[in-house]
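> this one's structure only:
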């Protein structure tokens, strides 16, 4: 009996298949090896966001606050750690969106091209801005949530609430931007009406 050939289990791609290879786009723009910077970059800021989350719980964001070189007797306002928790949540939500988007464009649709790279690299900046704005909107009362997320008698629940709202806003940044447009139109139209 003849031994099976090692190549018996190898599938040969169909030469008539028009599927674009994963490292190229449909318009012929070769992404090349730079495509691997996207998951590495996403991994780096995801780990940084997780580290900041733990730093916030353990030390109250002393690593960030030390950058400001504040005096020992200076008392940090209670809103500042909640702002940081919201930003961290937005970073985590944006990281989840980046991972799923990269997988969808690269492995499922084969549509990843060089134009996508800039979007992935700007995600942390977008997350920080979205985190700041969603925090301001929640604190100002323009967005009313059920429950008391700023309950100072239960700070763990409050921090989890801010991480969660930041994460949702970071993951759905496009929805957040649409809501922001609607809110700005409502505010501007109400200010233009005569008294």
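On my side now, so go ahead. Remember, it's a predicted structure, so these values are computed and weren't measured experimentally. Numbering: from 1, shown residues only.
> tell me which strands and helices the strand or helix carrying residue 179 is in contact with?
Using DSSP states H and E, residue 179 sits in helix 173-192. Contacts defined by 3 or more CB pairs under 8 Å, 6 or more residues apart in numbering; DSSP states H and E place helix 173-192 against helix 114-140. The C-beta positions use only the backbone N, C-alpha and C, and glycine is treated the same way.
> could you name the helices and strands sitting against the helix it packs on?
Using 3+ CB pairs under 8 Å, 6+ apart, helix 114-140 sits against helix 37-59, helix 79-103, helix 155-171, helix 173-192.
> for those helices, give me CSV that also has distance to residue 136 and mean neighbour count.
Shown next, in CSV, are the helices and strands packed on helix 114-140 (distance: least, CB to CB, whole Å; neighbours: other CB atoms under 10 Å):
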stretch, distance to residue 136, mean neighbour count
helix 37-59, 19, 16
helix 79-103, 9, 22
helix 155-171, 12, 21
helix 173-192, 11, 12
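> which of these comes out lowest on mean pLDDT?
For the helices and strands packed on helix 114-140, the bottom mean pLDDT is recorded on helix 173-192, which sits at a mean of 85.
> now the angle from that one to helix 114-140?
50 degrees (axes from the mean of the first three to the mean of the last three CA atoms, to 10 degrees).
> right, I'll call it a day here.
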